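S.K.: below: sequence and its predicted model.
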Amino acid sequence: MAAISKLEIPRAPWWKRKKFKDAFTAILFALPALVNFLVFRYFPIIWSARASFWEYSLLGGFRKYLGFGNYVRLFGDRLFWQSMGVTAKFFLMYVPIVVALAMLLALFSNQRKPGMGVIRAIIFIPVVTSFVVVSIIWGMLLNKDVGLVNGIIRSFGLPRISFLMDKNNALPTIAMISIWKNVGYSVIVLAAGLKSIPGEMYEAAIVDGANNWQRFWKITIPMISRQLMFVTVWATLGAFQVFIPVYSLTQGGPSRATNVIVYYIYSKAFQFGEMGYASAMSMVLLFVLLIVSVLQMRLFKRDY
Amino acid sequence: MKKSILLIVGILLALSLVLAACGPQVNEPAPGEESVDTGDTGDVEEPAGDKAPVVLRFLKISDPLEAQAFEEMVAEFQTIEDGKWSHVSVEYDAKPFAELFPAISRAVATGSSVDIVQADGPDVKHFAYNGVLMDLTDYFTEEEMQQWAPQSIEEGSMNGRFYGPPLAQSCQLMWFNEDMVAAAGIDVSDPSGWTYGVDGTGLPNWQKLTVDEDGDGSPEVFGLETSGPWDYFWRIPGRSAGTPGSPTYEGIGEDGISFVGYFDTPEAIESYEFIQDMVYEYKVMSAEQVTNQMLTGLAATSVYQDMIMGTQKDSFPEFNMGAIEPPYFVTPICQTGSWHYGITATTENFEEALAFVKFAASDAGAEYIWQYKNQLPANVNLYNSIDEFTDPENPRSLMAEFFLEYGAPRIMTPAYTEYNALFTQFWVSLMAGEEDVAGLATEYAELMEEAAQKYEGWNE
């Protein structure tokens, strides 16, 4: 009997093999987002990093190479540190309240009762409005002499409050406006997380004798920890990048009480023509935000 | 396979949209060379002779009234000199006021093909210093320069070189609610301005005009409107506290970068303190700005430019408004300055841009701006030809006289943008009740000087 010769099945070219095709399809799906990130995120970051080593302005261009001169300068710039301090204060006012309030509103709107869809919509409406427009309207409402809010306060016999022209009240007022504007987004994220919790877990807990607080702390919180982490990190990034209400209402005042870091960077870049120095501050802010985000993610004990 | 093809097509479509949004690359000849077709010809008529259509790109403020004025102005421009410029059309890139300066900066940084910019008077030196605007000195005759008020020429120049003819001018009067003033028994037959100060003529009048019916310390009607926290309005009291030629009046050193000893003189500090007292001690002004405070009946008087007449006519026709000269401490003054035309250093249509700018800034062009905007013209001949300026009963006549006699350009420095940003911060803090006014003024004088240092030697 003749030996059966080993069949030589010709191999397909590498671009026709299944493994490559699968990888190629995956890359194609991701390509639009990658292009978006490359063009509108990473390229500006790289350009900004370059500008941070130069004396650069929009009108004057790249005038003089400074090396680390801008970075050395900012570490001695008291206004930079003052603005970082204001931003940190804003973060402490904003993030805990947004997260806690979003949690409460998510729990409330997650109930199976008539009208909860409308409630959720009402909570979300500020998110889709223009921040510039709502800032201006809030400014009118909060005007000490003619604003509606002070009119209501006066009707209770209380003295008028200077919300935006008092250096002790201005930053909390900006925080309040920002919380009102942004909490809806976090509510939607947390509400989605709440809906994904299996009802049987609560039933089993009830059978085991767990009370409301125990069910909330031992079941709800752990089950939505991913969403809580996301909401916290998102709120943190938003807090460090707050700009629009400051630009629209207080321009960093009064007495620099609302001089948050992004507004200071903006003023240096566009009002003082120091785009290079502003870029250096932006790089430092980026680094700070990276560290804060990593720390927060580790706190939630997730590897992302 | 089909999915991959569809996906590739979708990605290519998205990429093409992104690239289209980035704008076209245009190869343009150097300034002064023969113009070439730069793109969209818009509503260009058939060119005269064999000239290719030229579209001038004009980066300007968003103003519907100006838009109407320019539409008619361009139509006439195309007919002048026997239709020599009939091949020229103008395309506008209009921005809100607060966005115009950053937009010009971005246009320069990105090399956008802009031929003409509308620059605020105090910013002309800043743009000229940075090489954004063309030096037009050699293109305007003495006769042409005499069309405009001396303040306009000073604002549009840097170191004796001319960079931008004016579009209009501005000055301030104190406008008042005639009914409230009459009810308070205040005599305004003398158009002379009230004086600031504890012993001035203004304070008692403003106190009479202030109404606080419920006695809660927050008047329903304030004596004087609180305008925006800008140098344009609020440097006036400070400068008026000095005599012409004094550091207080000049507001800045001759080197154009010194503020210490000019912004924080004892007289200036006293003026800042008095304005603050008008809010917190005498309560005749609110700390916060309220839009159209006087026209809505929430204030009795307002220091403003003549554009308020248009607002009153269009939106508050029942409001009875009068005007007298603006208040001052020692020296009457109004701060002047409005828009100027500037031809960019990167224009490839210099000949056409120059011709258009010359026409626009001429008496003929300025009449169109006046017709629609009703803003104080910079063309002095119009003060003698327009009825509102020749009628002694009309506030515009008073404004023109006051402008010519007491109008002073805002501080002349290429650091105006930086200074104005710091002034706004200073003013907001002052109006918020900052206790150490002298310390605040000194601090900001130092910050202004520090910000201006990069322009050292600009006028040597």
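M.R.: That came in fine, so what should we check first?
S.K.: going by C-alpha atoms from here, please, whenever you check contacts or count neighbours.
M.R.: OK.
S.K.: chain center to the helix or strand containing A:Ala121, what's the gap?
M.R.: A:Ala121 belongs to helix A:116-124 when elements are defined using DSSP states H and E. When distances are taken as Cα atoms, centre = their mean, to the nearest Å, helix A:116-124 is centred 22 Å away from the chain's centroid.
S.K.: same check, this time on stretch B:451-460
M.R.: Here the centre of stretch B:451-460 is set off from its chain's centre by 23 Å, with Cα atoms, centre = their mean.
S.K.: for B:Glu393, helix, strand, or coil?
M.R.: Using DSSP: H, G, I helix; E, B strand; the rest coil, the three-state assignment for B:Glu393 comes out as coil.
S.K.: what of B:Glu348?
M.R.: Put simply, B:Glu348 is coil when judged by three-state DSSP.
S.K.: that one: neighbour count?
M.R.: Each residue near B:Glu348 was counted by other Cα atoms under 10 Å in any protein chain shown, and the total is 26.
S.K.: and what of A:Phe287?
M.R.: Other residues near A:Phe287 come to 12 when the count uses other Cα under 10 Å.
S.K.: also B:Thr137?
M.R.: By other Cα under 10 Å, neighbour count at B:Thr137 equals 15.
S.K.: same question, A:Asn212
M.R.: Quick note: A:Asn212 (other Cα under 10 Å) scores 12 neighbours.
S.K.: quick one: contacts of stretch A:174-181?
M.R.: Counting by Cα atoms under 8 Å, 6 or more residues apart in numbering or on different chains, stretch A:174-181 makes contact with A:90, A:93-94, A:97-98, A:126-127, A:131, A:135, A:138, A:245-246, all of which sit outside it.
S.K.: as CSV, those residues with pLDDT would be great.
M.R.: Output for these, formatted as CSV (pLDDT from 0 to 100):
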residue, pLDDT
A:Phe90, 97
A:Met93, 96
A:Tyr94, 97
A:Ile97, 97
A:Val98, 97
A:Pro126, 95
A:Val127, 95
A:Phe131, 96
A:Ser135, 96
A:Trp138, 96
A:Pro245, 96
A:Val246, 97
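S.K.: just the buried ones from the residues you listed?
M.R.: Restricting the contacts of stretch A:174-181 to buried positions leaves A:90, A:93-94, A:97-98, A:126-127, A:131, A:135, A:138, A:245-246, with burial counted as 16 or more other Cα atoms under 10 Å in any protein chain shown.
S.K.: near chain A, which residues of the stretch 201-350 of chain B are found?
M.R.: Among all residues of the stretch 201-350 of chain B, those adjacent to chain A (criterion: Cα under 8 Å from any Cα of the partner chain) are B:216, B:218-220, B:286-288.
S.K.: which of the residues you listed tops the neighbour count?
M.R.: B:Ser286 (28 neighbours).
S.K.: what's near enough to touch it?
M.R.: Listed by Cα under 8 Å, 6+ apart, the contact set of B:Ser286 reads A:145, B:222, B:225-226, B:279.
S.K.: try 6 Å
M.R.: By Cα atoms under 6 Å, 6 or more residues apart in numbering or on different chains, the residues touching B:Ser286 are B:Val279.
S.K.: for it, give me the pLDDT.
M.R.: Model confidence at B:Ser286, expressed as pLDDT, equals 95.
S.K.: one more: the one 5 residues further on?
M.R.: Here the pLDDT value assigned to B:Thr291 is 91.
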